[in-house]
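A.B. asks: The following block contains a protein sequence and its predicted model.
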There are 2 protein chains.
Amino acid sequence: MFSQAMQDYLKAIYKLQEQGGAVSTSALAEAMGVAAASATGMVKKLAGLKLVRHHPYQGVVLSKAGEKMALEVIRHHRLLELYLAEALGYSWDKVHEEAERLEHVISEEFEEKIFEALGRPTRDPHGDPIPAKDGTLVVAEHDRLSDLEPGATGVIRQVSDSDAEVLRYLGIRGLVPDAAVEVLEKAPFNGPLTVKTGETSHVLGREVASHIRVEARAADDA
Amino acid sequence: MFSQAMQDYLKAIYKLQEQGGAVSTSALAEAMGVAAASATGMVKKLAGLKLVRHHPYQGVVLSKAGEKMALEVIRHHRLLELYLAEALGYSWDKVHEEAERLEHVISEEFEEKIFEALGRPTRDPHGDPIPAKDGTLVVAEHDRLSDLEPGATGVIRQVSDSDAEVLRYLGIRGLVPDAAVEVLEKAPFNGPLTVKTGETSHVLGREVASHIRVEARAADDA
DNA sequence: AGATTTGTTTAGGCAGTCCTAAAATAGCCG
DNA sequence: CGGCTATTTTAGGACTGCCTAAACAAATCT
């Protein structure tokens, strides 16, 4: 009834939605690695199934049902990643690809078994929350980058700003979801922060940094 | 390049071939749960890829390459069954269905990891041999039913006879691969055997019984 | 505003796998 | 052998998901 392709599209829409409201078909097409027309076609199909709401030329938004389906796939994905890493000794850079294929074919029973084998975890190897079986996702209230103290390190989870210019600026600097960051310096009051990502450091206004949600790493991490 | 459907067909052909020479398209269609025309179509495609040899109206036989591919899938299947049962506590009657879906999507790395985790096994939960990675299958030299002594029990693995009539006779009596049998009596010299399968017992000529390969069960089995 | 650029949708096709119906072939029986 | 029946193949479609090219809409620039 619901093809694998549909699941992939729902998941992609979910992930794009996380980083900002409605999702354009071109962004979706890019995320899926297909032509824009293909994304439009699938969006229409999903809209017909009431899994998304589509306002032509305005983007697409998951419906309640669509979000639930997306979260089921994401739960599978994250549990699999964790299982591959923990139980089978996969390195972290390889779990994603394998989980990507397995997530569509495992049964509820398989999901249940690995969930139990892992001790009913709530976070995957990347620190992302694992949606619950009923489709509930405890969205971690991540710290704002502007809240971190000098010396602290973390991983960017979400970048939201109404100004596309600012987003582009941050993107060019590598301050995008999943990037690791470290706070080098922090001026007092509402002064700027100096942060490092990859090999280079950048100075950010406090206001801008407050729009970047990060997941702080424990101090004893590598 | 090689679709999942093709893998399934190759596997089905392999299994049918095990039970007797060339495979008819209708037998293949039935095994795959598709219309006869669909099987013909796929067979032509596989023949084009040199994975099978097809003589119209005469059935289909795996080529060397086709057999290797079939064995790879079967290796995946059997390793998965074993892993699901051993590592995840699946009951034996559920492993097959899950393995059926997983076998097509796991990577070589996954295969390798579970192979090692299981201690490099050579038999699956049903007692079937697991093909080696290079596509070699150590075909167990099963006992002939006619060799078993009264009281012995086993599982039929292969029934081969040039006489279709005999095969049908055996089929009607439930003496088919995977059936459990027990030898009740055995006349001396080349006299007949009385064997039981399911609830009923049958008398078989020694000659016929010698064409039935069985895997003997250890005496201490249930 | 008008023109250009950018983004989105429609239209028409292609490949893969399935189907049904009809034609071709093989096997069997009188 | 000739004809019946069962099996197998061919022919023609349906459906999914992808593509390119062209039409359309919105945003941007002058």
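C.D. replies: Cool, the structure landed. Numbering: from 1, shown residues only, chains lettered A, B, ... in the order given.

A.B. asks: need the contact list for the closest residue to A:M42 other than its chain neighbours.
C.D. replies: With sequence-adjacent residues excluded and distances taken as Cβ to Cβ, 6 or more residues apart in numbering or on different chains, A:M42 is closest to A:Y9, at 5.2 Å. C-beta coordinates here come from the backbone N, C-alpha and C atoms, glycine included. Neighbour list for A:Y9: A:L28, A:M32, A:A39, A:M42, A:V43, A:L46 [criterion: Cβ atoms under 8 Å, 6 or more residues apart in numbering or on different chains].

A.B. asks: Dump these to TSV, plus secondary structure, distance to A:D147 and neighbour count.
C.D. replies: Below are the contacts of A:Y9 laid out as TSV (DSSP: H, G, I helix; E, B strand; the rest coil; distance: Cβ to Cβ, whole Å; neighbours: other Cβ atoms under 10 Å in any protein chain shown):
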residue	secondary structure	distance to A:D147	neighbour count
A:L28	helix	32	22
A:M32	helix	35	17
A:A39	helix	37	24
A:M42	helix	39	25
A:V43	helix	37	23
A:L46	helix	38	23
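
A.B. asks: who does A:R213 bridge with?
C.D. replies: Beta-bridge partners of A:R213, counted by DSSP bridges, are A:R144, A:Q158.

A.B. asks: And it, what's its pLDDT?
C.D. replies: We have a pLDDT of 79 for A:R213.

A.B. asks: I'd say it and A:D143 touch.
C.D. replies: Yes - using Cβ atoms under 8 Å, A:R213 makes contact with A:D143 at a distance of 7.1 Å.

A.B. asks: For A:A179, the count of nearby residues, please.
C.D. replies: By other Cβ atoms under 10 Å in any protein chain shown, the residues close to A:A179 number 17.

A.B. asks: Contacts for the helix or strand bottoming out on mean pLDDT in chain A, please.
C.D. replies: Least confident helix or strand, chain A: helix A:164-172 with a mean of 71, by mean pLDDT, DSSP states H and E. Identification of contacts with helix A:164-172 by Cβ under 8 Å, 6+ apart yields A:V159, A:D161, A:V176, A:V208, A:H211, A:I212.

A.B. asks: longest helix anywhere in chain A?
C.D. replies: helix A:64-88 (DSSP state H).

A.B. asks: quick one: that helix near chain B?
C.D. replies: Yes - remark: helix A:64-88 sits within contact range of chain B at A:L84, A:A87, A:L88, by Cβ under 8 Å from any Cβ of the partner chain.

A.B. asks: of the residues you listed, closest to DNA strand D?
C.D. replies: Relative to DNA strand D, the closest of the residues of helix A:64-88 next to chain B is A:L84; by Cβ to the nearest atom of the strand it sits at 24.5 Å.

A.B. asks: for the closest one, what are its contacts?
C.D. replies: So A:L84 contacts A:Y90, A:K94, A:V95, A:E98, A:A99, B:F110 (Cβ under 8 Å, 6+ apart).

A.B. asks: Are we agreed that the first one is in a helix?
C.D. replies: The reference is to A:Y90. No - A:Y90 is assigned coil when assessed by DSSP: H, G, I helix; E, B strand; the rest coil, not a helix.
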